[in-house]
Structures are given as structure tokens and as C-alpha cells.
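Asker: Sequence isn't available, so here's the structure alone:
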């Protein structure tokens, strides 16, 4: 892996420099109301999120609805402006005078969305959709269409059969393949997959996951894989980041997170996963109630209202991401957890297959 | 008496026929359910699983041709006049849906909706019905139930609405509860709460459940038996152990091997090639044959043999019928 990385002419900082360095990313959405349309509340969708994506890895982001995982993706792509925070792409700060522009960033970073239909223009054929971005970025018509056809073949769709079809003429799985091909049309280095397989049937989902694995190797890609599906994230990711109500609660190598989760929320999340063994059905609810409303999140640790271990300190201040209190720390891919309480981090009440 | 099935379906066929389309959506579906039993119909989108449920409830549009026999508590209900059917719906058979926001009426409070059903079916006065509604909300474990009774659906969270819909469905102690993907739209921590709640309510109320899902995990958590549907037909059925541990039909095997879990890390997923067929243009013989790796000449002939084991497990497959190929 590292050899191919060194050969990549687009690589600037070498394999040790992270592909993406995100620091203090923040986005609050105002809720307006009342007679004067004043801001009456804010949704703290993403609150001080920092993380790294290393070259060639797949970083999985998991969490329930409202945890901020999709907003994070949109902020990275600058589909919306962050309130604050910095994004550094392979050493270049995005949108900074000394760094790269948003357009240059988008040439190297692309995204695939959940809804395969609404993310394609219904009046464009598949080849037109895929060729659009390369043409906008200066490629000639012929070259752009050639590239579109070769990409269709790469994602397993025969160009002769599919290049001239419109989105409504394809199945969901086929459309998602086209979306992947379109994301690859500018030869990006990082692809954000935001629930990209969530809407697909299981048999089709597995095909697309295999395809994503193949393409990653072939095009030397780095993935940011966002999903609510714990099984799929475990299968795809090298490292995992768990989010809850706009904050990162735990992050680390996939085996660490799945086998030795330290944060009480991470443990509850995994324990909620349905078993695939009829003889080992879940008997106790890991959590009660729904995730709280992100409009008025709890003070301090946002999980404290549903946490069995919560103490006074949890309401007073927000825990920072830090090495687990048992001192298990690896410089290269650290396991970090945002929890004040040693007892909560130690409790290993959860077993799963 | 208790061993008699509360719901028996024989050779259910649903065909959508309009001017230029003719879609056989459900073909020869047969099953029966005893009190307190849960049958899961497992299938992908377009397999006909939801249509089967709606046929049982009499909820299909008028251009759907339904044939076959459906017995509910020993009475045949297919072809009953609309007024009689309306008495059954919400009474001895009721249904919960994937989207509670679409199933609940936005302009009435939860309490009013539950009470209305009770008044309608049992003729009790409104005060008694309201009291029952309160009990029901407590039974589905909605916190501060008395206050929630006065809530409109939009004032509740997703999981809470799902609980309210379950309370509404159980208002008249149905003998059969039809559940159409009730946990699909929920977050995983809420999904497991709803599955456990349904299991517990089933113990209290004793109703039979037909649970429709595409999720093998949800099926493993809730079912006694599983019937796998493909292109409008049951291709395999058995106890949930039989289906999940030793699936016989190549489609079931493919479905399970493409259900991702962490243990598969680093390996390539074994997938089913291709996509589900268009129901309007089903091939003769086994509908799965074009995607199946074991297809032989016999699979393309119209009469696919059905194998039934001593335990009652069924598979509709040439290969299962002739173990020589195995």
C-alpha cells in the first residue's frame, strides 16, 4: 500500500502526512421564530469536531440520526459553510490564502450520497452526468465522454447499454454505481460515502461494497465512510469514529472500538445491534428512550441523560477526547474516548457476537 | 382450541391488472399462524411481502385481483363485504406501519385516536375508552402516559410515535397483528426497544404476529418462523433456526451471505449477481434461476418441486428436491 502511495504524483506530503486534518469544526443552525423572525434557538449540529484521515485508509463514522455525521460530510465538501474550524487537505488549508481553494479541494475530494435518484439530474444521460464535472474542469468533450464510458465499465455497467440511459431507467443499485463513477470522474484522492449503501437491498448492497473495495485499490483511494449500519462500518473501516449529538465520543482502530469500546454510548450502541443468532436474542434494552433533541443538548457530556454511570462532573463540563484511562495508547492510531469516569470506561457489561 | 390456527392463508394470489400492465405480485402464498406465534416474511423490495400483508387487511386498490382463502379465527374473510371487513380491521386484526407519522392522524391527539377505535369497535362510552387508552400507553411503556395522551403525533419523537401506533393497533386486543417493517426507519438503539416491546406485548396479549422485514437481524430477534419471499413467491420457510443456520434455497443462502457482519472483514462478500426480476416479466420456472449459480435445465420448467421436511420446513428448489446435486 505504502509503495503505491509514494508513486502517486498527486501526493504532496508523503504517506505520513494525513490526507485530511479537521480541527474544531463547528456548525450551529439557527431556528428562527416569533414575530420578528429572531433566532429563538440553535441546533448544535456539529460542535467542535476534530479528526484525521490517513492516506489510504477508510475512516468510518457511525452514529444515530441527528448525531451530525452527514453535516460533517457536507461541511468538509463545503456544501455549507462551517461556523468555525479548519480543514487541511494533504497539507493545504482549504479556503485559506496560503492553501487551496474550495474548487481545487473538490477536484481531490468527492462525495456519494444516500439517495441515488435525487443526486442525478433526471434530464441527463448517465454519460452526460459523469462527463459533466471533467468538462467543467476543462477536459474536451471527446475525452470527457471517453472517460465516462470507461468509468461506467469500471463500476460494472456496460457503457454500450447504459451510457445513454436516463436515471429513471436504472435500478437503485445501478444508479448508485453511476454516482460512484461520477464521483471518480475527476480522479479524486478522497471519497466521502454518506450512507451510500443504506437505501439498497442487501444483495445489491453487498455487490456495491465489493465494488467500493475494488475501486479503492485500483484508484488508490481514501474513504470517509459514513453509515448508521454498525455491521457495514465494521466491515469497511480501518478506523472508526463514533458521534453522538454533534460531538465525537470515541475514535480508534476498528478492532479496538468494536471489541473494547470504552464509552458507555458506544457500548450501548453495539449492544443494540440485532443478533444474527436466534438462540442468543437480545434480552435487555441497552438504552431507553430516543436520542435527545439537538436543539437543547444536555450540558457537559451530552450522553449523561441516558448514561447509567453519570455523576455530577458529567453535567459540569464536557469531557475532552483523551486516551482511555487504562493508559492503552498507540501513537500511530490512537484510541481516544470522551468520558470523565474511569468506572464507566472499564465497565464491560456488553457481549456480542 | 388453542392449537387451531388464528390465521390461515391458502393459495393467496394477488394480481395487479390494469389496461397495459399485468403484474402477478403474490403467487400461491400459504401459511398459518397459531396464537402467540410470530412469522416473519423476509424479502427484498418488490418481493411482494407488503402486498401480502395488505391483502390480508383488505387494503389493496380495487384493481388488485385477490384469489385464495384467508381464514381468521375460523371465519373466511376474503370477499367479505366492506362493512364486515371494517369491523375486523382494528378489531381482531390490526396493522402497524413503517412510518407512524403517515399512519397516525395529525389533527387528533393520540388519546382521541385510540379512544375512537375502542368506541367504534366495542361501543363503550368515551370516558371508559380514554381510560383504556391511558392503560395502553402505559403498556407500550410511554413515559408520563397521562400527559402523552394529550399530545399530537408531531409532538412526539420517532420511537414514541411508533409506540403510540402499537398502542392504537392493540386497542381492541387483536388476535393477529400485522407489522409492515415497523423498525426499519428507527435508529438502532430505538429499534431494539421496539422489538423487545413487541415480544413482551405478545406474551401479555397472546396475539399472533406477521412481521414483514428485509432485515435478517430484526427477523432473528422477533420470529419463531421465517418465510423467505422472492419475486412474489415463498421460496423457503422454516423455523428461524433452520432458515438462519442452514438455509437450503440458494436465494436464502445468498441473502444471508450478503448480510454483512464484522466477521467478514478482509474477505470478499459472496453476493448474488444481478438484480431482482421485473414481476411483470417473470421467467417460467424458478424466478431466481437467472441469478442462481446452480441453475440447470430443470429450473426453467414450470413445475418447480416443493420439498417439505419432517419439521415442516419448505423449500421450492430443484436442487433441494434432488440431493444428488448437493
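Answerer: Everything's here; your move. Worth saying up front: this structure is predicted, and the values here are computed from it rather than measured.

Asker: if I pick residue 259, what's in contact with it?
Answerer: The chain I'm using is chain A. If a contact means CB atoms under 8 Å, 6 or more residues apart in numbering or on different chains, then residue A:259 has no contacts. (C-beta placed from N, C-alpha, C; glycine too.)

Asker: my bad, the chain I had in mind was chain B
Answerer: Contacts of residue B:259 were listed using CB under 8 Å, 6+ apart, and they are A:202, A:206, A:231, A:276, B:216-217.

Asker: Correct me if wrong: residue B:133 contacts residue B:116.
Answerer: No - counting by CB atoms under 8 Å, residue B:133 sits too far from residue B:116 to count as a contact (9.3 Å).

Asker: okay, these two: which has more neighbours?
Answerer: Counted by other CB atoms under 10 Å in any protein chain shown, residue B:133 and residue B:116 do not tie: residue B:133 has more neighbours, with 27 against 18.

Asker: what's the nearest residue to the more buried one if we skip its chain neighbours?
Answerer: The spatial neighbour of residue B:133 that comes closest, neighbours along the chain excluded (CB to CB, 6 or more residues apart in numbering or on different chains), is residue B:114 at 3.8 Å.

Asker: I'd like to know how many residues surround that neighbour.
Answerer: When neighbours are counted by other CB under 10 Å, residue B:114 registers 28.

Asker: mind checking pLDDT for it?
Answerer: Among the per-residue scores, residue B:114 holds a pLDDT of 96.

Asker: How about the contacts made by it?
Answerer: Residues touching residue B:114, when contacts are defined by CB under 8 Å, 6+ apart, comprise B:129, B:132-133, B:136-137, B:164, B:167-168, B:171.

Asker: now swap in residue B:216 and tell me
Answerer: If a contact means CB under 8 Å, 6+ apart, then residue B:216 has A:202, A:276, B:42, B:244, B:255-256, B:259 as its contacts.

Asker: any idea how far it lies from residue B:232?
Answerer: 20 Å (CB to CB, to the nearest Å).

Asker: same check, this time on residue B:112
Answerer: Here the distance between residue B:112 and residue B:232 works out to 39 Å (CB to CB).

Asker: Going by how many neighbours each has, rank those two and give me the top one.
Answerer: Between residue B:112 and residue B:232, residue B:232 has the larger neighbour count (other CB under 10 Å), namely 26 against 18.

Asker: so what's the more buried one up against?
Answerer: With CB under 8 Å, 6+ apart, residue B:232 has these contacts: B:24-27, B:47-48, B:51, B:279, B:282, B:287.

Asker: element containing the residue nearest to residue B:133, please.
Answerer: Assignment of secondary structure by DSSP states H and E places residue B:114 within helix B:110-122.

Asker: What residues sit buried inside that helix?
Answerer: Taking 16 or more other CB atoms under 10 Å in any protein chain shown as the basis for neighbour counts, the residues of helix B:110-122 that come out buried are B:110-119, B:121.

Asker: now swap in stretch A:175-194 and tell me
Answerer: In stretch A:175-194, residues buried by neighbour count (16+ other CB under 10 Å) are A:175-186, A:188-194.

Asker: Just give me how far it sits from the chain centre.
Answerer: Relative to its chain's centre, stretch A:175-194 lies at 14 Å (CA atoms, centre = their mean, to the nearest Å).
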